[in-house]
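K.L.:
could you work out the structure for the sequence below:
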Amino acid sequence: MKGREFARLARRHLMAHLPGFPLKDGLIYALPVDRLWRRFDLYPSGFSRESFTVYCAVSPLYVPDTRTACPFGLGDRLPILAGLGDRWWTWQPGGEEAEATMMGDLRELMINVGVPHLRELRDPAAVAERLLNYPKHVDDPNVAEALAYSLILAGSYELAREKLRLLRSITLEDEERPAWWADLHAGSRKPPNEDWVIVVGKRGAAVAEALEQSPQTAVALLDEWNEEQLAALRLPRSA
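P.N.:
Prediction:
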């Protein structure tokens with residue numbers, strides 16, 4: 001299943017039932033696109049051309065490098081969100097009845113499970129609330145970073161400082177990480193890229209420093225990253 005094939009099926013079976021959700025390149029996304037990119041994302045199987053599933057994802061665009069990711073704690077494959085397990089659909093070109101049944105099944109999950117999920121995560125405050133209750137925020141740098149920045153945009157500055165300190169402790173202050181990264185790339189013919197955990201930690205440190213100057217300075221830095229990702233997406237931001 002390719003993006004253009006999914007787009008054709010979506011126009012035929014889905015879009016009339018999803019007001020406020022444009023379609024572009026196999027992506028069905030919620031408007032407005034501002035702080036958050038909330039979407040249904042085609043995920044084709046790597047083993048079968050006909051098999052696919054759909055992610056229901058929310059990317060905080062004020063966190064660098066999230067526009068191409070499905071961040072932990074903010075979404076999952078649509079069948080998993082619905083409690084149906086790791087379920088996949090199989091598309092057989094030319095089988096109109098099977099196609100209608102398959103897309104009807106997908107449409108029901110999108111409307112009853114996916115759309116409410118995306119609408120619930122409507123702003124950074126909702127994202128912060130969700131991630132505060134997600135256990136991995138205490139040890140996953142990506143989750144901790146998204147939580148801290150969301151708290152800043154929600155106006156919870158003291159709690160944001162606490163989570164930025166946590167982020168630093170699991171990134172820049174992890175004493176075992178440099179040796180592990182060096183061992184991982186031992187024998188490589190070229191110098192390794194900088195450890196992604198350290199990259200996340202340095203971003204967090206920059207935000208923490210900005211927040212100590214003023215909340216407005218921290219928000220301005222997050223706005224800058226937000227605008228960079230919006231520009232890269234090249235999507236209409238509103239209806």
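
K.L.:
list the buried residues of whichever strand or helix holds residue 7.
P.N.:
Assigned by DSSP states H and E, residue 7 belongs to helix 3-13. Going by neighbour count (16 or more other C-beta atoms under 10 Å), the buried part of helix 3-13 is 5-7, 9-10, 13. In short, each C-beta sits where N, CA and C put it, glycine included.

K.L.:
also stretch 86-98?
P.N.:
If you call a residue buried by 16+ other C-beta under 10 Å, then stretch 86-98 has these buried ones: 88-89, 91.

K.L.:
now do stretch 37-49
P.N.:
In stretch 37-49, counting by 16+ other C-beta under 10 Å, buried: 37-44.

K.L.:
ok now stretch 136-146, how far from the chain's centre?
P.N.:
In terms of C-alpha atoms, centre = their mean, to the nearest Å, the centre of stretch 136-146 is set 13 Å apart from its chain centre.

K.L.:
residue 107 reaches residue 12, doesn't it?
P.N.:
No: between residue 107 and residue 12 there is no contact under C-beta atoms under 8 Å: 10.8 Å.

K.L.:
quick check, residue 173 in a strand?
P.N.:
No: using DSSP: H, G, I helix; E, B strand; the rest coil, the assignment for residue 173 is coil, not a strand.

K.L.:
if we can go back for a sec, would JSON lines of the buried residues of stretch 37-49 with pLDDT be doable?
P.N.:
Converted to JSON lines, the buried residues of stretch 37-49 look like this (pLDDT from 0 to 100):
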{"residue": "37", "pLDDT": "95"}
{"residue": "38", "pLDDT": "96"}
{"residue": "39", "pLDDT": "95"}
{"residue": "40", "pLDDT": "96"}
{"residue": "41", "pLDDT": "92"}
{"residue": "42", "pLDDT": "90"}
{"residue": "43", "pLDDT": "86"}
{"residue": "44", "pLDDT": "85"}
